[in-house]
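Peer 1: Model the structure of this input:
(one chain, ligands or ions: 1)
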Amino acid sequence: MVLAGQEGASTNMRTQRTESRDLLHTRTNMADRKDESWRPQLHAFGQGSLETAKASIRRFLDLQSGSIWRDVSSELPHVRGRALDVGCGAQPFRSLFDQSVQYVGIDTIYARMHFGYHLPDTVYYDGVAWPVDDGWADFILCTEALEHVYDTDHFLAEARRCLAAGGRVLITVPFSARWHYIPHDYWRFTPSSLKKVLTEAGFSSVVVYARGNEITVACYKVMALIVPLLLPQGKGRVTAVMLRLIGIVLAPVVLMLAVCGNLSLRGRGGDDCLGYTVVAQGGEPR
Ligand SMILES: C[S@@+](CC[C@H](N)C(=O)[O-])C[C@H]1O[C@@H](n2cnc3c(N)ncnc32)[C@H](O)[C@@H]1O
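Peer 2: Residues are numbered from 1 along each chain as shown. Model prediction:
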């Protein structure tokens, strides 16, 4: 039995549900996305003073890269013995190691196809079993790669296996970063999950540092709106010129935000941040 007024109410609810479904259906199904609309340039492969200067300018303008550089440059020069750089890409931090360090960079055979990286002195492997002997590395570096690994538990178990007794790992991951290298970007980690997955993989003394704070993130996000205007991708000639002109007008804003963002990186780090730098100890080999 339908009471007076109930029928009208249920019709209203049905209409609301249809409208909200329509609202969802107007949006892109992100699970079907195969590529990005804009991708930052790869890190330079070259050496020499021009490349070094270009890399420094990039680190000033790209707060993610700059913040990672700041963190790894406080650790890498102190490393001795054998260093393994996993998911090394263009090996952007290799120059920070002491000359005496035996450096090996490894990456997957998919690095070129999915990420655009290919270096002659990188060991490419299937992405599953690391081509490294048990306990070989005194230090493992893994920058901005863990979020691209689907089976992180297995990956960290490999790290633990390859690390010598008393060895250390340094891992960086993004947090406030757009979905990138689509579709090969699987995870965003928090300090809680980083501590848990590393501890469960057998690491100890896990320390997680935030890179930047809310101010850094705000500067980074506004810069991320303007920089693609200066470096348009996939646009027609006329549109590209127009976008560049708008970008040039806004360039002073980018500079101002870069200064603010870089200053904010000197702080202790906040709950909203660009990403995390993790340092952990390997302990005794199992
Ligand atoms: C965003 S790039 C970072 C490259 C470099 N570490 C850096 O900081 O510029 C991610 C890298 O992780 C690598 N990668 C993805 N899955 C991997 C796996 N299972 N084992 C090793 N490297 C992997 C990719 O091939 C790529 O070079």
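Peer 1: and the residue lying closest to residue 111 once chain neighbours are set aside, what is it in contact with?
Peer 2: Closest residue to residue 111 apart from its sequence neighbours, by Cβ to Cβ, 6 or more residues apart in numbering: residue 117 at 4.4 Å. (Each C-beta comes from the backbone N, C-alpha and C, glycine too.) Contacts for residue 117 (Cβ atoms under 8 Å, 6 or more residues apart in numbering) come out as 42, 89-90, 107, 111.
Peer 1: quick one: which of the residues you listed has the most company?
Peer 2: Within the contacts of residue 117, neighbour counts (other Cβ atoms under 10 Å) peak at residue 107, which reaches 24 neighbours.
Peer 1: That residue in helix, strand or coil?
Peer 2: Of the three states, residue 107 takes strand under DSSP: H, G, I helix; E, B strand; the rest coil.
Peer 1: these two touch, right, it and residue 122?
Peer 2: Yes. The criterion here is Cβ atoms under 8 Å, and residue 107 meets it with residue 122 at 5.2 Å.
Peer 1: hang on, isn't residue 111 packed against residue 126?
Peer 2: No. Using Cβ under 8 Å, residue 111 is not in contact with residue 126; the gap is 11.7 Å.
Peer 1: Quick check: the residue nearest to residue 111 vs residue 109, distance?
Peer 2: 11 Å (Cβ to Cβ, to the nearest Å).
Peer 1: Could you do residue 226 as well?
Peer 2: Relative to residue 109, residue 226 is positioned 36 Å away (Cβ to Cβ).
Peer 1: and the two? which has more neighbours close in?
Peer 2: Neighbours were counted for residue 226 and for residue 109 using other Cβ under 10 Å; residue 226 has more, 16 against 11.
Peer 1: residues touching residue 189, list them.
Peer 2: Here residue 189 is in contact with 146-147, 173, 175, 197, 276 (criterion: Cβ under 8 Å, 6+ apart).
Peer 1: what about stretch 144-162, distance to the chain center?
Peer 2: The chain centroid and the centroid of stretch 144-162 are separated by 14 Å under Cα atoms, centre = their mean, to the nearest Å.
Peer 1: To clarify, my last question referred to stretch 48-56.
Peer 2: Put simply, stretch 48-56 sits 22 Å off its chain's centre (Cα atoms, centre = their mean).
Peer 1: Let me know the pLDDT of the nearest residue to residue 201 once chain neighbours are set aside.
Peer 2: Nearest non-adjacent residue to residue 201, counting by Cβ to Cβ, 6+ apart: residue 156, 3.7 Å away. Looking at residue 156, its pLDDT stands at 98.
Peer 1: I'd say residue 156 and residue 197 touch.
Peer 2: Yes. If you go by Cβ under 8 Å, residue 156 and residue 197 touch, sitting 6.0 Å apart.
Peer 1: Neighbour count: these two, which is higher?
Peer 2: residue 156 (22 against 19).
Peer 1: Pop out the phi and psi values for the residue of the chain found nearest the ligand.
Peer 2: In the chain, the residue found nearest to the ligand is residue 89; the distance is 2.6 Å by Cβ to the nearest ligand atom. Main-chain dihedrals, residue 89, degrees, to the nearest 10: phi 60, psi -120.
Peer 1: Wait, it touches residue 68, no?
Peer 2: No. Assessed by Cβ under 8 Å, residue 89 is found out of contact with residue 68, at 11.8 Å.
Peer 1: shared neighbours of those two, which are they?
Peer 2: Counting by Cβ under 8 Å, 6+ apart, the residues touching both residue 89 and residue 68 are residue 144.
Peer 1: And the helix or strand where residue 153 lies, what's buried?
Peer 2: Element membership for residue 153 (DSSP states H and E) is helix 152-162. With burial defined by 16 or more other Cβ atoms under 10 Å, the residues of helix 152-162 counted as buried are 152, 155-162.
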